[in-house]
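Colleague: Coordinates only, no sequence provided:
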């Protein structure tokens, strides 16, 4: 794949980055409820993610399987999959097709990660630019995390072919063909890429948020 021309000046990164939150999963392990709307520490799970992502990007949208009135109150444009069950690749495709021409990069994050890092977009942008590749993804504790990733708009033709012509829906096969930089992220607490996939994880996330709020501030 042809490397992307480096983008000069990391201080300009936010102006060049759009963002999309993946909220199109069917939440089978949550009993079929809309995961993004589940209450977490007094507000919907999605609100926690928006609060962390919005300051990092110039434009933010929501990837959904179908548009829903339930998301109207969050103030984000809903981007439906081209076809139901399109998976995260379908969400990525819809977002790349939607984002403003002024933005060269797209930050992708899931709706169930309330502790994602405040500097995620900048660090992924730096990794991609330094590598000369068309994007970057997180590697945390030796595992790659493709739903926490940054993609350059130049990848769009390859992605369109993979989704529309070949029917790919997940990252596993796609990442065998497209090389992204891997951004190693140091461990921290709470775990920055903690995913809420079931009720037990939802309860644990709530406990971690409570512990953060109750933790005394460091004295001088």
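Modeller: Good, I have the coordinates. A quick note: this is a predicted structure, and the numbers were derived from the prediction, not measured. Residues are numbered from 1 along each chain as shown.

Colleague: Show me the shaky parts of this structure.
Modeller: Judged against pLDDT under 70, the low-scoring parts of the chain cover residues 1-12, 25-32, 216-220.

Colleague: Start from the N-terminal end of it and give the strands.
Modeller: Counting by DSSP state E, residue ranges of the strands within the chain are 17-22, 39-40, 43-44, 59-64, 77-80, 105-110, 135-140, 143-152, 181-185.

Colleague: Output these in TSV; the columns should cover mean neighbour count and distance to residue 198.
Modeller: C-betas here are computed from N, CA, C, even on glycine. Written out in TSV, the entries for the strands of the chain read as follows (neighbours: other CB atoms under 10 Å; distance: least, CB to CB, whole Å):
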stretch	mean neighbour count	distance to residue 198
strand 17-22	25	17
strand 39-40	15	13
strand 43-44	16	17
strand 59-64	23	21
strand 77-80	18	25
strand 105-110	26	14
strand 135-140	22	20
strand 143-152	21	17
strand 181-185	18	23
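
Colleague: Residue 203 is nearest to which of those strands?
Modeller: Closest to residue 203 of the strands of the chain, according to CB to CB: strand 39-40, at 9.7 Å.

Colleague: Who are the packing partners of that closest one?
Modeller: In terms of contacts (3 or more CB pairs under 8 Å, 6 or more residues apart in numbering; DSSP states H and E), strand 39-40 is packed against helix 199-214.

Colleague: just checking, what packs against the helix it packs on?
Modeller: In this structure, helix 199-214 makes packing contacts with strand 39-40, judged by 3+ CB pairs under 8 Å, 6+ apart.

Colleague: Can you give the distance from the strand it packs on to the centre of its chain?
Modeller: When C-alpha coordinates are averaged (CA atoms, centre = their mean, to the nearest Å), strand 39-40 and its chain have centres 19 Å apart.
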